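Student: dropping the sequence and predicted coords here.
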Amino acid sequence: MTNRPASHVAAVTIALLLCASSGWAQVPASSFEELRGLVDDGDEVIVVRADGLHMQGKLVTLTPSAVNLVVDERRFLVFSREVPQELSEAEVTTVTRIDSRSEGGYIGFAIGFGLAASGCLADDADAEPFSGTPTITCATQILLGGPIFGSLGALIGRFIDGTINAAVYQAETPRKPVSITPMVVPKGAGALVSVRF
């Protein structure tokens with residue numbers, strides 16, 4: 001016998017998780033002055049330089065003209081050292097803030113634990129609450145199944161939250177203007193197309 005209320009709760013929860021991330025979308029800043037309101041000192045960021053090099057590090061300071069990072073430089077196997085980096089606004093094309101995975105873990109644990117509890121409570125709607133099955137009581141299901149499903153939810157939540165990284169800065173790229181000028185002469189007509197790179 002399938003547990004319809006629990007499956008409905010699971011379907012609604014998954015739909016809300018998938019749809020909720022689109023509400024957090026924002027337009028990236030186009031200057032370091034605008035970026036100052038979107039990141040804090042200590043945030044983990046990925047900076048893409050104009051030459052295409054990706055640098056992942058911790059934001060130290062952000063001024064209207066430069067960003068200062070501390071980047072881990074791998075030395076040998078697990079040994080690394082922190083190297084300060086300062087990049088001007090002209091050197092940076094994109095800044096992406098790395099989202100903390102802990103929030104997703106907490107939310108996933110709560111959802112998993114809640115699904116285990118709701119499945120137990122909705123198992124038999126006519127029976128008294130916490131009656132459960134003859135061999136395993138509902139309280140036992142919550143005490144054992146809650147942490148198991150909660151841990152599974154935490155793993156899924158950490159994975160989903162780790163994949164949601166928001167681009168908070170995108171340098172303005174100069175547009176390649178194209179101009180078309182009509183040319184009319186007594187014996188014909190045409191157009192002059194000018195493309196600047």
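Tutor: Received it, and whenever you're ready, just let me know what you need.
Student: quick one: the strands in this protein?
Tutor: Ranges of strands within the chain are 44-49, 54-62, 66-76, 79-88, 92-97, 166-170, 178-185, 188-195, based on DSSP state E.
Student: got TSV for these, with mean neighbour count too?
Tutor: Bear in mind the C-beta positions are built from the backbone N, C-alpha and C, glycine included. Formatted as TSV, the strands of the chain follow (neighbours: other C-beta atoms under 10 Å):
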stretch	mean neighbour count
strand 44-49	18
strand 54-62	16
strand 66-76	14
strand 79-88	12
strand 92-97	20
strand 166-170	18
strand 178-185	8
strand 188-195	9
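Student: please identify which of these is closest to V27.
Tutor: Nearest to V27, of all these, is strand 166-170, at 8.8 Å by C-beta to C-beta.
Student: the closest one packs against which elements?
Tutor: Judged by 3 or more C-beta pairs under 8 Å, 6 or more residues apart in numbering; DSSP states H and E, strand 166-170 is in contact with helix 32-35, strand 92-97.
Student: give the buried residues for the longest helix anywhere in the chain.
Tutor: Ranked by number of residues, the top helix in the chain under DSSP state H is helix 138-162. Within helix 138-162, the residues scored as buried using 16 or more other C-beta atoms under 10 Å are 138, 141-142, 145-146, 149-150, 152-154, 156-158, 160-161.
Student: now do it: which elements does it pack against?
Tutor: helix 101-121.
Student: once you drop chain neighbours, what's closest to the residue nearest the centre of the chain?
Tutor: What sits nearest the mean C-alpha location of the chain, by C-alpha atoms, centre = their mean, is I164, with 1.8 Å. Leaving aside its chain neighbours, I164 sits nearest to D99 (5.2 Å; criterion: C-beta to C-beta, 6 or more residues apart in numbering).
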